[in-house]
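>>> Fold the following.
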Amino acid sequence: MARKINEAVCNRLEKWLDGVSMESKIRTLETGRLHTCTKCGLTVFDKQTIEERIRRKCIESGSEHTFVENDYYIILKRGFVGIIDVVACRYETPEAAIERYFKNKR
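Okay, the predicted model is just below:
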């Protein structure tokens, strides 16, 4: 049974790589830092403007968020309406985070 799972993971990863090496593919992806509000836990991307970040008011303080940098992120796929697949990685390499993502993807 474990073989089928590993084969499926490899097939999904190979399909996503589309014949390009992992290092080359990672260099073409958008990366950055996630920012998390210390009071309410709202997580946003670092590339978002301040207007996009304050669209929702902080639940705990009632007005403004207090953001701190948290994890790194890698956007794997974008679609017409926005981000489709994103991976957060904290203590691992980008390659390991992407492999973990495809291993856990159903």
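>>> alpha carbons only for contacts and neighbour counts from here, please
OK.
>>> what about the helices in this structure?
2-17, 22-28, 50-53, 94-104 (DSSP state H).
>>> Go through the ones you listed and pick out the most buried.
helix 94-104 (a mean of 16; mean count of other Cα atoms under 10 Å).
>>> C-alpha coordinates for it, CSV please?
What follows is helix 94-104, C-alpha atoms only, in CSV (Å, rounded to 0.1, in the frame of the first residue of the first chain):
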residue,chain,number,x,y,z
PRO,A,94,12.0,24.8,0.1
GLU,A,95,12.6,21.4,-1.5
ALA,A,96,11.5,19.5,1.6
ALA,A,97,8.5,21.8,2.1
ILE,A,98,7.3,21.2,-1.5
GLU,A,99,7.8,17.4,-1.2
ARG,A,100,5.8,17.5,2.1
TYR,A,101,3.1,19.4,0.4
PHE,A,102,2.7,16.9,-2.5
LYS,A,103,3.0,14.0,0.0
ASN,A,104,0.1,15.4,2.1
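>>> what's next to that helix, contact-wise?
6, 9, 12, 13, 22, 26, 74, 87, 88, 89 (Cα atoms under 8 Å, 6 or more residues apart in numbering).
>>> quick check, nearest of those residues to residue 35?
residue 88 (11.6 Å; Cα to Cα).
>>> got the buried residues for stretch 74-84?
Applying a neighbour-count criterion of 16 or more other Cα atoms under 10 Å, one finds 74, 75, 76 buried in stretch 74-84.
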